[in-house]
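Engineer: sequence and predicted structure below; questions after.
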Amino acid sequence: MLHSRVTAETISALYQQESRRVLATLIRLLGDFELAEEALQEAFACALQQWPVEGLPTEPRAWLVSTGRFKAIDKIRQQQSQRKYQQQWLFEQDEDIEAFQPDESSAQNWQDDELRLIFTCCHPALSTEAQIALTLREICGLTTEQIAKAFLTSPVTIAQRIVRAKNKIRDAAIPYEIPTAEQLPERLDVVLKVIYLLFNEGYNQSSGDQLLCAELSAQAIRLGFLLLQLQPDTETMGLLALLLLQESRRHARIDPQGDLILLAAQDRSLWDQALIQQGVQLVERSLTGRRVGPYGLQAAIAALHAQSPDAASTDWPQIVALYDVLYRFEASPVVLLNRAVAISMAQGPAAALPLLQALEQNGELAQYHLLDAALADLHQKLGHTQQARLYYQQALSKTAQQAEQRFLQKRLETLG
């Protein structure tokens with residue numbers, strides 16, 4: 001049954017929302033990453049041709065999977081000489097298509113396919129860096145440039161990791177499955193990291209004109225809920241709590257022109273109290289569990305912000321203490337940067353400036369524009385106009401995010 005005529009814009013929006021779920025199922029059905037990616041593109045190409053004329057299918061996702069699968073089968077049949085794609089079960093299991101009819105089991109099929117693909121990409125036979133890069137590319141649809149930004153490395157390096165990871169999965173015949181209960185704990189941390197990085201890209205896009213991408217953030221939260229159902233681990237709770245608490249501020253983070261509003265200046269009446277309540281409840285459950293970890297601690301910090309009626313009443317000393325504990329779990333320069341910013345709020349800019357200068361000298365964050373922005377802010381507060389101008393200019397040169405560029409440019413202009 002077809003209904004409702006559609007435009008190319010409608011199909012483009014559907015691609016943003018559904019393409020990664022369709023890909024996950026095509027990979028299960030076809031057993032090959034590259035073939036599934038080609039099938040996905042073929043399916044949407046057909047949709048662009050047919051749907052504006054024939055109307056939107058009742059189950060667009062099922063239509064895309066069926067179309068992509070049959071296109072791939074046709075291609076395999078046409079390339080009989082390419083033996084590596086000769087898998088007889090592709091032609092014998094037509095009943096799989098029934099799984100994509102609108103019945104009560106459909107939602108679970110899609111969810112299982114996504115989880116299977118996440119755990120396939122995060123298989124321990126791959127390096128941790130390759131696991132994360134591959135999952136962000138295949139499950140989340142991030143570009144190599146976006147992933148490189150998250151890793152603070154080059155797109156070429158990321159592309160090479162992804163290609164090697166796909167080859168390893170194929171050559172080692174890594175199974176496309178959700179791990180057993182015994183295997184889950186050792187594979188959970190990388191999956192949590194992937195969901196965390198996906199949300200971060202939606203919360204603060206690494207490039208482009210728009211600061212926020214609601215679809216990426218929503219996808220990360222949905223995957224967090226799926227993972228919590230599969231493994232109600234305290235760190236899974238902590239991660240989901242963190243995402244919900246951060247998401248609660250979405251509508252207050254930009255002005256009507258799409259420009260960035262810092263936390264201290266946000267209209268807190270715009271914060272989503274339902275998400276905050278849900279996040280705080282998960283934080284409390286997470287921190288009472290046996291395994292308190294970095295996501296639970298970050299969520300606790302986010303909860304302190306979320307529960308403060310205004311910026312002035314934020315419990316900054318408690319936030320500094322939480323960053324001290326977080327650093328024991330995750331000894332990264334980004335944690336030290338955030339801790340220094342918290343110290344500047346608790347004790348004043350003069351107390352934090354030497355900490356940021358030490359991070360600058362260390363060099364690990366040399367390409368991280370937020371370090372320059374933080375240094376500029378402290379120098380500005382201390383009346384060091386020349387140094388503040390220099391650091392704002394450096395921060396501007398290191399970000400491709402246009403909303404951030406506009407914010408930094410405004411800060412420069414305030415210096416005169």
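Structural biologist: Thanks, I have it.

Engineer: show me the helices in the stretch 201-350 of the chain, by range?
Structural biologist: All helices of the stretch 201-350 of the chain, identified by DSSP state H, counting those that start in this stretch, fall at 214-230, 234-247, 273-287, 294-306, 316-329, 333-347, 349-362.

Engineer: show me where pLDDT drops low in the stretch 101-250 of the chain?
Structural biologist: Within the stretch 101-250 of the chain, the stretches with pLDDT under 70 are 101-111.

Engineer: ok, which stretches of it are strands?
Structural biologist: Secondary structure of the stretch 101-250 of the chain by DSSP state E, counting those that start in this stretch: the strands cover 207-208.

Engineer: next one, pLDDT for residue 90 please.
Structural biologist: The model reports residue 90 with a pLDDT of 40.

Engineer: let me see the contact set for the spatially most central residue of the chain.
Structural biologist: Geometric centre of the chain, nearest residue: residue 198, 0.5 Å, by Cα atoms, centre = their mean. Listed by Cβ atoms under 8 Å, 6 or more residues apart in numbering, the contact set of residue 198 reads 136, 139, 140, 142, 216, 219, 220, 223. C-beta here means a position set from N, CA and C on the backbone, and glycine is covered the same way.

Engineer: related to what we said a few turns ago, just so I know, which of the helices of the stretch 201-350 of the chain lies nearest residue 153?
Structural biologist: Minimum separation from residue 153 across the helices of the stretch 201-350 of the chain (Cβ to Cβ) falls at helix 333-347, 14.6 Å.

Engineer: also compute the angle for that closest one relative to helix 349-362, please.
Structural biologist: 170 degrees (axes from the mean of the first three to the mean of the last three Cα atoms, to 10 degrees).

Engineer: and helix 333-347, average pLDDT?
Structural biologist: If you average the pLDDT values across helix 333-347, you get 96.

Engineer: show me which positions of it end up buried.
Structural biologist: 333, 335-346 (16 or more other Cβ atoms under 10 Å).

Engineer: pull the CA coordinates from that helix and hand them back as CSV.
Structural biologist: Listed in CSV are the C-alpha atoms of helix 333-347, where the atom choice follows Å, rounded to 0.1, in the frame of the first residue of the first chain:
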residue,chain,number,x,y,z
PRO,A,333,44.4,16.3,28.9
VAL,A,334,40.7,17.1,28.1
VAL,A,335,39.8,16.2,31.6
LEU,A,336,42.5,18.4,32.9
LEU,A,337,41.3,21.3,30.7
ASN,A,338,37.7,20.9,32.1
ARG,A,339,39.0,20.7,35.6
ALA,A,340,41.0,23.9,35.1
VAL,A,341,37.9,25.7,33.9
ALA,A,342,36.0,24.5,36.9
ILE,A,343,38.9,25.8,39.2
SER,A,344,38.7,29.2,37.5
MET,A,345,35.0,29.3,38.4
ALA,A,346,35.6,28.1,42.0
GLN,A,347,38.8,30.0,42.8
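
Engineer: for that helix, packing partners?
Structural biologist: helix 316-329, helix 349-362, helix 369-381 (3 or more Cβ pairs under 8 Å, 6 or more residues apart in numbering; DSSP states H and E).

Engineer: so for the first one, mean pLDDT?
Structural biologist: What it means is helix 316-329. 96.

Engineer: can you point out the buried residues in it?
Structural biologist: Going by 16+ other Cβ under 10 Å, helix 316-329 has these buried residues: 316, 319, 320, 322, 323, 326, 327.

Engineer: the first one touches residue 345, doesn't it?
Structural biologist: Yes - taking Cβ atoms under 8 Å as the contact criterion, residue 316 and residue 345 are neighbours in contact, 4.5 Å apart.

Engineer: on that earlier part again, what's the farthest-apart pair in the contacts of residue 198?
Structural biologist: 142 and 223 (13.5 Å).

Engineer: for residue 231, which non-adjacent residue is spatially closest?
Structural biologist: Of all residues not flanking residue 231 in the chain, residue 184 sits nearest, at 5.4 Å (Cβ to Cβ, 6 or more residues apart in numbering).

Engineer: from memory that neighbour sits against residue 236, does it?
Structural biologist: No - using Cβ under 8 Å, residue 184 makes no contact with residue 236, being 10.3 Å away.

Engineer: higher neighbour count, these two?
Structural biologist: More crowded of residue 184 and residue 236, by other Cβ atoms under 10 Å: residue 236, with 26 against 16.
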